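# Structure for the following, please:
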Amino acid sequence: MPEPGMNVFAFDIETVPDIEAGRRLYGLHGLADDAVVQAMRALRRQHSGGSEFIRLHLQRVVVISLAGRIGERFRVWSIGEASASEADVLARFFAGIERYVPLLVSWNGSGFDLPVLHYRSMLHGVQAPRYWDTGAVHADFRWNNYLNRFHERHTDLMDVLAGYQGRANAPLDEMASLCGFPGKMGMSGAKVWDQLAAGQFDSVRDYCETDALNTYLLYLRFELMRGKLDAAGYAEACERVKEALRQSGKAHLDAFLSAWEAASL
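Numbering: from 1, shown residues only. Take a look at the predicted model:
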């Protein structure tokens with residue numbers, strides 16, 4: 001396991017199509033928001049051979065959720081409120097990296113989350129010198145930084161477990177369920193636009209937090225598998241998570257805990 005006191009942030013982001021970018025790039029001025037999204041998806045289908053998945057630089061970040069350790073304390077939290085600007089969400093995320101210099105953990109973070117954060121931070125002029133350092137400022141970052149695919153300061157679990165072979169990738173939901181964790185609980189990324197359009201920001205944030213939780217729990221299992229945790233240490237780490245969920249007072253975290261404990265019976 002990371003050294004005692006090391007900060008570990010498992011993170012996940014939720015995004016929606018950037019409708020203002022769609023209007024600007026594709027001449028969709030005058031169309032309602034939903035119509036712009038439909039047009040962007042149609043254009044994507046046309047150019048991709050069938051996929052509606054909007055290209056990464058056109059994805060607007062609405063929330064970033066994290067589950068992890070700050071020192072010896074485990075917590076789950078989110079950056080972003082319904083009224084927050086994308087620039088503020090990004091700036092707060094990278095300010096956290098500046099302050100805590102955590103080990104980042106993701107599931108497909110190299111293929112989705114981080115490239116989105118890169119593009120959108122460039123758009124807004126968000127600074128993140130510690131994140132982008134590869135050793136010019138801090139010598140130890142030469143050998144372990146956030147950008148190198150084979151370093152551990154950012155560990156993309158999906159990429160690592162697949163042996164860096166895209167054809168071997170597995171979905172977070174399925175791996176979490178197979179390992180006895182709750183997986184997805186009634187939501188998916190495909191529903192985020194509709195949920196936000198209906199004013200259901202809280203449900204999107206809660207869903208993002210449970211994905212970050214699943215990712216953190218898979219990271220603990222990964223640490224057990226590679227011998228950085230023994231069985232007792234793994235059980236202790238899981239119990240720390242459970243105790244934090246018990247004390248959270250949040251319905252979606254209570255539900256996550258109940259589903260986790262039920263899966264363990």
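
# Quick check: Val76 is in a strand.
Yes: counting by DSSP: H, G, I helix; E, B strand; the rest coil, one finds Val76 located in a strand.

# And it, how far from Asp159?
To Asp159, Val76 is 23 Å away according to CB to CB, to the nearest Å. Heads up, the C-betas are built off the backbone N, CA and C, glycines and all.

# same deal with Phe11?
Phe11 is 15 Å from Asp159, by CB to CB.

# Between those two, which has more neighbouring residues?
Phe11 (28 against 22; other CB atoms under 10 Å).

# and after the helix or strand where that one lies, which helix or strand comes next?
Per DSSP states H and E: Phe11 is located in strand 8-17. Per DSSP H and E, the first helix or strand lying C-terminal to strand 8-17 is helix 19-26.

# I'd like the average pLDDT over that next one.
The average pLDDT for helix 19-26 rounds to 96.

# Also stretch 58-77?
Stretch 58-77 comes out at a mean pLDDT of 96.

# which of the residues in it are buried?
Buried residues in stretch 58-77, counted by 16 or more other CB atoms under 10 Å: 58-70, 74, 76.

# Just list the residues touching the nearest residue to Ile97 once chain neighbours are set aside, thanks.
Of all residues not flanking Ile97 in the chain, Tyr131 sits nearest, at 5.1 Å (CB to CB, 6 or more residues apart in numbering). Tyr131 is in contact with Phe94, Ile97, Glu98, Tyr146, counting by CB atoms under 8 Å, 6 or more residues apart in numbering.

# among those, which are in strands?
Among the contacts of Tyr131, none falls in strands (DSSP state E).

# which of the residues you listed count as buried?
For the contacts of Tyr131, buried by 16+ other CB under 10 Å: Phe94, Ile97, Tyr146.

# Just put the residues you listed in CSV and tack on distance to Leu224.
Output for those, formatted as CSV (distance: CB to CB, whole Å):
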residue, distance to Leu224
Phe94, 30
Ile97, 26
Tyr146, 24
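
# Now pLDDT and distance to Arg23 too, for those, in a markdown table please.
Shown next, in a markdown table, are the buried ones among the contacts of Tyr131 (pLDDT from 0 to 100; distance: CB to CB, whole Å):
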| residue | pLDDT | distance to Arg23 |
| --- | --- | --- |
| Phe94 | 98 | 27 |
| Ile97 | 97 | 32 |
| Tyr146 | 98 | 33 |
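
# Can you tell me which of those is nearest Asp254?
Ile97 (29.7 Å; CB to CB).

# So what touches the helix or strand of the chain with the lowest mean pLDDT?
Least confident helix or strand of the chain, by mean pLDDT, DSSP states H and E, is helix 192-197 with a mean of 87. Identification of contacts with helix 192-197 by CB under 8 Å, 6+ apart yields 14-17, 33-34, 37, 62, 187, 201, 203-204, 207.

# swap the cut-off to 7 Å and go again
Glu14, Val16, Pro17, Val37, Val62, Ser203, Val204 (CB atoms under 7 Å, 6 or more residues apart in numbering).

# so which of these comes closest to Arg167?
Glu14 (26.5 Å).

# wouldn't the closest one be in contact with Val63 here?
Yes: if you go by CB atoms under 7 Å, Glu14 and Val63 touch, sitting 5.1 Å apart.

# Need the overlap of contacts for those two.
Common contact partners of Glu14 and Val63 (CB under 7 Å, 6+ apart): Val204, Cys208.

# List the pairing partners of the lengthiest strand in the chain within its sheet, with orientation.
Secondary structure of the chain per DSSP E: the longest strand is strand 59-70. Paired neighbours of strand 59-70 in the sheet (DSSP bridges): strand 8-17 (antiparallel), strand 73-79 (antiparallel).
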